[in-house]
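Novice: My questions concern the predicted model and sequence given below.
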Amino acid sequence: MKILVIGGAGYIGSHFIIEASKLGHDLTVFDDLSSGFKDNLDKSIPFYKGSTLILKDIYKVMELKKFDVVVHLAAFKAAGESMLNPAKYTSNNIIGGLNLIKACMDNNIEKILFSSSAAVYGTPQYIPIDEMHPVNPINYYGYTKLVIEQNLKWYSELKGLKFASLRYFNAAGYDSNQKFLNIEKNPQNLIPVVMECAAGIRKKLEVFGDDYSTIDGTGVRDYIHVSDLARGHLDSIDYLFNKNKNLIINLGTGNGFSVLEVINATEKISNKSINYSISSRREGDPDTVIASAKKAEKLINWLPKKSDLENIISSTWEMYNK
């Protein structure tokens with residue numbers, strides 16, 4: 001299958017490339033390298049540098065061959081930053097996403113796999129969160145993801161586009177068999193920030209709140225190993241082609257770990273002390289966010305196999321410790 005991967009040099013993109021390569025897919029990567037690394041990719045993978053904000057860049061790569069499907073992974077993802085600089089997220093996530101949809105339609109590419117987010121749900125009204133949960137983002141990042149989901153639905157109705165929208169929970173971990181993957185630039189998520197503390201890159205970790213209704217007072221989140229996530233993408237592509245139906249699913253584990261549990265696991269595995277302090281809660285941070293992935297299991301026969309906390313932490317520490 002001919003797959004164009006937008007943002008394929010990034011953290012999730014490079015892991016998707018690893019898993020897709022194992023299945024022998026014909027892969028092409030398009031990335032602006034704002035957060036990705038070209039050397040994350042095997043040299044045999046065709047790579048084109050360009051921006052989703054420049055239509056001629058997208059058209060140039062799409063004219064190379066008749067792609068069967070586009071995998072869209074190119075978006076900024078820091079919820080906190082999106083509240084401080086919404087224009088940046090409007091440009092890259094919304095305008096870039098709409099450009100990509102237009103380019104697909106103009107180049108007769110009828111299937112798109114979209115990297116969405118659990119952030120579309122907003123504050124949980126119940127746990128675990130399933131796909132029937134109301135969508136009501138409480139940060140601008142989540143709103144940008146919902147805008148693209150809504151446009152995909154409209155293009156499906158009006159133009160026959162078929163799409164899969166994958167609502168990620170918290171991607172983490174690394175493929176331990178890959179020796180040359182780069183660590184993320186300026187990470188905002190908990191686990192890479194904890195790793196930076198363990199590795200001496202960062203001096204201190206700020207824990208936002210210890211008075212939540214959780215096992216130890218700190219926020220609980222659902223962490224999914226990035227290789228499980230990548231496999232979910234491939235299973236979803238199969239669904240698009242086999243069923244020719246749209247797909248909206250959560251990708252998570254149904255289990256949650258607190259901030260302190262992540263810190264403690266990192267200290268144990270790395271044998272390093274994590275310097276952290278407790279500060280006040282961030283506005284909009286819920287106590288617990290855990291997925292129901294029963295729909296993914298039912299429709300694409302997907303189950304997370306590598307997402308136990310020990311494997312997530314050990315595979316990430318292995319990469320940071322290099």
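Specialist: Good, I have the coordinates. As the structure is a prediction and not an experimental result, all values here were calculated from the model. Residues are numbered from 1 along each chain as shown.

Novice: Is Ala171 in a helix, a strand, or coil?
Specialist: strand (DSSP: H, G, I helix; E, B strand; the rest coil).

Novice: Please name the residues that touch it.
Specialist: Residues touching Ala171, when contacts are defined by CB atoms under 8 Å, 6 or more residues apart in numbering, comprise Tyr11, Ile12, Asn189, Tyr223, Ile224, His225, Val226, Leu229. Any C-beta I mention is one placed from the backbone N, CA and C, and that applies to glycine too.

Novice: Once you drop chain neighbours, what's closest to the third one?
Specialist: The one in question is Asn189. Of all residues not flanking Asn189 in the chain, Asn170 sits nearest, at 6.7 Å (CB to CB, 6 or more residues apart in numbering).

Novice: for the stretch 101-250 of the chain, what spans make up the helices?
Specialist: Listed in chain order, the helices found in the stretch 101-250 of the chain under DSSP state H, counting those that start in this stretch are 140-159, 190-198, 226-243.

Novice: Return the set of buried residues in the last one.
Specialist: Yep, that's helix 226-243 we're talking about. When burial is assessed from 16 or more other CB atoms under 10 Å, helix 226-243 yields the following buried residues: 226-237, 239-240.

Novice: With the first one instead?
Specialist: For helix 140-159, the neighbour count (16+ other CB under 10 Å) marks 140-149, 151-152, 155-156 as buried.

Novice: can I get the CA coordinates of the helix or strand containing Ala296 in CSV?
Specialist: Assessed by DSSP states H and E, Ala296 sits inside helix 294-300. Backbone C-alpha positions of helix 294-300 (Å, rounded to 0.1, in the frame of the first residue of the first chain) are rendered in CSV as follows:
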residue,chain,number,x,y,z
LYS,A,294,-13.6,-1.4,23.8
LYS,A,295,-14.7,0.0,20.4
ALA,A,296,-11.1,-0.3,19.0
GLU,A,297,-11.0,-3.9,20.2
LYS,A,298,-14.3,-4.7,18.7
LEU,A,299,-13.9,-3.0,15.3
ILE,A,300,-10.2,-3.4,14.5
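
Novice: just checking, what packs against that helix?
Specialist: Helices and strands in packing contact with helix 294-300 are listed as helix 226-243, strand 247-251; criterion 3 or more CB pairs under 8 Å, 6 or more residues apart in numbering; DSSP states H and E.

Novice: Report the contact partners of Glu261.
Specialist: Taking CB under 8 Å, 6+ apart, we find Glu261 in contact with Ile215, Asp216, Leu309.

Novice: who wins for neighbours among the residues you listed?
Specialist: With neighbours set by other CB atoms under 10 Å, the maximum within the contacts of Glu261 is found at Leu309, which has 21 neighbours.

Novice: ok so, going back, I'd like to know how many residues surround the residue nearest to Asn189.
Specialist: A total of 21 residues lie near Asn170 under the criterion other CB under 10 Å.
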